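Visitor: Quick one: sequence plus predicted model below, questions after.
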Amino acid sequence: MIKNKDKVTSFEKNAKKLITKYMIPGVAIGLAQDAIPVYEKGFGFRNVDNQLPVTMDTVFGIASVTKSFTCMAIMQLQEAGKLSVQDPVLKYLPELSTLRNTTDNMTVHHFMTHSAGLPPLPTILHANKKSVDITQSEYKDYKHNDSNQKSIHDYEQLMEFISQLEFDLLGEPGSEFSYSNDCYALLGAIIERVSGVPFERYIKENILVPAGMSNSCFLFEELPGNKNITSLYASKMNDHKAEIFEDSTWPDAPSMRAAGYLKSTVRDMLKYTSVFTNNGKVGENQILNSNSVQKMIYPHIEFEPGKYYGYGLMIDSNYFGGTLIEHGGNFKGIASQLCIIPERGIAGVILTNLARVPSPTILKGALNIVENRNFDATSENYEAFECTLKDLYEYEGTYISIAENRFIISVEGGSLQFSIHEEGIPIQCIGKDTFLASIRDQSEVIRFIRNNKGEIVRLAYHYRQYHKLV
């Protein structure tokens, strides 16, 4: 266990401040050193009405942290000689040949690195129509008119839906990064077709079971009798005040489970991190070979200054002298974060039951106590960059996606302001066409992208690219 009790006390005090500020009903957090748990803490409740506490075995959603499991499955299939990450996706998904934009050059690797060129698409809530209420504040970004749109239940319907959309690629495959749940959903289809078994079954038999993750699943029917499952919570505004309420329906979209629908516990997830700190092994079971592990955590494409995407994982190669491997997840009733420092054998997991809360900030505060730093210590070293008023006016405009996400950039009082959910947030210039915002106690980098004429044509925010209205 962590010996510095003062650091633990300081961490828990600061964590509770954020948990209280954002009214998070329940939080589970755990840290491990060389696969041995060194800190475990449950804050709050998995069910508030019944005052049921959070434990390390409470089942939460992990949302997009699922993506690393999907990539792990792809790497296993490559080890078995059943596919190559350099294969064109059309080899396995010929239905995409009807895509309005060419798919000939899109590879499995491009899907795994969010570099296929797809912009944000309105697919995910069509696939979630039965389980997600888009009127809730967490989902304002996804407004769209779907009154006549059928739900998307399977991979064939997913590919048909994407093929009917009208959009331009952001660039040639491999040239632009834009986070794509659609690409990961389609990786699930590739895994299913190559392996010959349903995606969910493949993950269970080849990762969850050999890793000893006995309380992890896609469907709760796989956990009969387990009552240690969190309730989900959502927020809404009532008389200009945020109000938290229980929202019992779990999000689910069979066609998109590979993008973010795994459920797990802190104890199970800490077992999983051994893959990355122990050369692919969990206990005595070899989940991946060491070469495949290195490919997963290789910095394949830069998405922010100094930040890279591997296969289902993000990489910061300058984290207090080490390498931080991480990924977060955020969806209905879920905010999760996974962090690993492989060369130091350190891993951490945080799971919560409320969306849009600063789980990464809390978890990184916990990592700081392991390495004897202050709670708010950061490895990020952003400096102010000179930007004239004339420069600022060049960035003004409305930026949108086909999913009808909408962001407004304006000059207010001599500085640039970023508006989201009708809330204006000042942003600071930290480099050429690069700005920094503090949103819900988390740092967000905002980049402006120019065409070959030097004109600003897109905005990159929270890993996705949005077109500028002209």
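Guide: Nice, thanks for sending it over.
Visitor: Let me see the contact set for His462.
Guide: Tyr179, Glu444 (C-beta atoms under 8 Å, 6 or more residues apart in numbering). C-beta here means a position set from N, CA and C on the backbone, and glycine is covered the same way.
Visitor: From Glu172, how far out is it?
Guide: 23 Å (C-beta to C-beta, to the nearest Å).
Visitor: do the same with Val54
Guide: Applying C-beta to C-beta to Val54 and Glu172 gives a distance of 46 Å.
Visitor: a strand runs through Ser292, doesn't it?
Guide: No. According to DSSP: H, G, I helix; E, B strand; the rest coil, Ser292 belongs to no strand; its state is helix.
Visitor: Surely it touches Glu79?
Guide: Yes. Counting by C-beta atoms under 8 Å, Glu79 is a contact partner of Ser292 at 6.0 Å.
Visitor: With neighbour numbers in mind, choose between these two.
Guide: Between Ser292 and Glu79, counting by other C-beta atoms under 10 Å, Ser292 is the more crowded of the two (19 against 13).
Visitor: which intervals of the stretch 51-200 of the chain have sub-threshold pLDDT?
Guide: 100, 130-150 (pLDDT under 70).
Visitor: Please enumerate the strands of it.
Guide: For the stretch 51-200 of the chain, applying DSSP state E, counting those that start in this stretch gives strands covering 52-53, 60-61.
Visitor: Would you format those as CSV with distance to Ser336 and mean neighbour count included?
Guide: Listed next are the strands of the stretch 51-200 of the chain as CSV, based on distance: least, C-beta to C-beta, whole Å; neighbours: other C-beta atoms under 10 Å:
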stretch, distance to Ser336, mean neighbour count
strand 52-53, 19, 16
strand 60-61, 7, 28
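Visitor: Could you export those strands as TSV, including distance to Asn368?
Guide: Putting the strands of the stretch 51-200 of the chain into TSV (distance: least, C-beta to C-beta, whole Å) gives the following:
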stretch	distance to Asn368
strand 52-53	25
strand 60-61	23
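Visitor: so which of those strands gets nearest Ile36?
Guide: Judged by C-beta to C-beta, the one of the strands of the stretch 51-200 of the chain that comes nearest to Ile36 is strand 60-61, at 22.2 Å.
Visitor: Distance from that closest one to the middle of the chain?
Guide: Chain-centre distance of strand 60-61: 13 Å, with C-alpha atoms, centre = their mean, to the nearest Å.
Visitor: tell me the contacts of the closest residue in space to Ala253 that isn't next to it in sequence?
Guide: Nearest in space to Ala253, with sequence neighbours left out and distances taken as C-beta to C-beta, 6 or more residues apart in numbering, is Ala127 at 3.6 Å. Counting by C-beta under 8 Å, 6+ apart, Ala127 touches Ser151, Ile152, His153, Leu158, Ala185, Ala253, Pro254, Ser255, Met256.
Visitor: partners of the helix or strand where Val38 lies in the sheet?
Guide: Per DSSP states H and E, Val38 falls inside strand 36-47. Strand 36-47 has the following sheet partners, assigned by DSSP bridges: strand 26-33 (antiparallel), strand 52-53 (antiparallel).
Visitor: Quick one: distance of the longest one to the chain centre.
Guide: Taking C-alpha atoms, centre = their mean, the mean C-alpha location of strand 26-33 is offset from the chain mean by 18 Å.
Visitor: in that strand, what's buried?
Guide: Gly26, Val27, Ala28, Ile29, Gly30, Leu31, Ala32, Gln33 (16 or more other C-beta atoms under 10 Å).
Visitor: could I have it exported to PDB, CA atoms only?
Guide: Provided in PDB are the C-alpha atoms of strand 26-33 (Å, rounded to 0.1, in the frame of the first residue of the first chain):
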ATOM      1  CA  GLY A  26     -20.400   7.000  -7.100                       C
ATOM      2  CA  VAL A  27     -16.700   6.700  -7.900                       C
ATOM      3  CA  ALA A  28     -14.400   3.600  -7.800                       C
ATOM      4  CA  ILE A  29     -10.700   4.100  -8.100                       C
ATOM      5  CA  GLY A  30      -7.800   1.700  -7.900                       C
ATOM      6  CA  LEU A  31      -4.000   1.800  -8.500                       C
ATOM      7  CA  ALA A  32      -1.600  -1.000  -9.000                       C
ATOM      8  CA  GLN A  33       2.200  -1.300  -8.900                       C
END
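Visitor: and it, average pLDDT?
Guide: Averaged across strand 26-33, pLDDT comes to 97.
Visitor: check contacts around the residue lying closest to Thr277 once chain neighbours are set aside.
Guide: With sequence-adjacent residues excluded and distances taken as C-beta to C-beta, 6+ apart, Thr277 is closest to Gly345, at 4.9 Å. Residues counted as contacts of Gly345 (C-beta under 8 Å, 6+ apart) are Gln33, Asp34, Ala35, Thr277.
Visitor: just checking, Asp57 touches Asn228?
Guide: Yes. When contacts are counted by C-beta under 8 Å, Asp57 is listed as touching Asn228 (5.4 Å).
Visitor: Spell out which residues are contacts of both of those two.
Guide: Contacts common to Asp57 and Asn228, judged by C-beta under 8 Å, 6+ apart, are Asn215.
Visitor: quick one, what contacts Leu262?
Guide: Gly61, Ile62, Val65, Thr66, Phe69, Ile203, Ser216, Cys217, Phe218.
Visitor: So which of these belong to helices?
Guide: Counting by DSSP state H, these place Thr66, Phe69, Ile203 in helices.
Visitor: what's the burial count for the second one?
Guide: Yep, that's Phe69 we're talking about. Neighbours of Phe69 using other C-beta under 10 Å come to 22.
Visitor: any chance you could map the helices in the stretch 351-470 of the chain?
Guide: For the stretch 351-470 of the chain, the helices defined by DSSP state H, counting those that start in this stretch cover 359-370, 389-395.
Visitor: would TSV of those helices with mean neighbour count be doable?
Guide: Shown next, in TSV, are the helices of the stretch 351-470 of the chain (neighbours: other C-beta atoms under 10 Å):
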stretch	mean neighbour count
helix 359-370	24
helix 389-395	14
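Visitor: and which of the contacts of Ala127 is nearest Leu313?
Guide: Nearest member of these to Leu313, counting by C-beta to C-beta, is Ala185, at 18.0 Å.
Visitor: if we can go back for a sec, list of residues touching the strand holding Val38?
Guide: Contacts of strand 36-47 (C-beta under 8 Å, 6+ apart): 1-2, 8, 12, 15-16, 19, 24-32, 51-56, 58, 228-231, 246, 266-267, 270, 353, 366, 369-370.
Visitor: what comes up buried for that strand?
Guide: For strand 36-47, by 16+ other C-beta under 10 Å, it's Val38, Tyr39, Glu40, Lys41, Gly42, Phe43, Gly44, Phe45, Arg46, Asn47.
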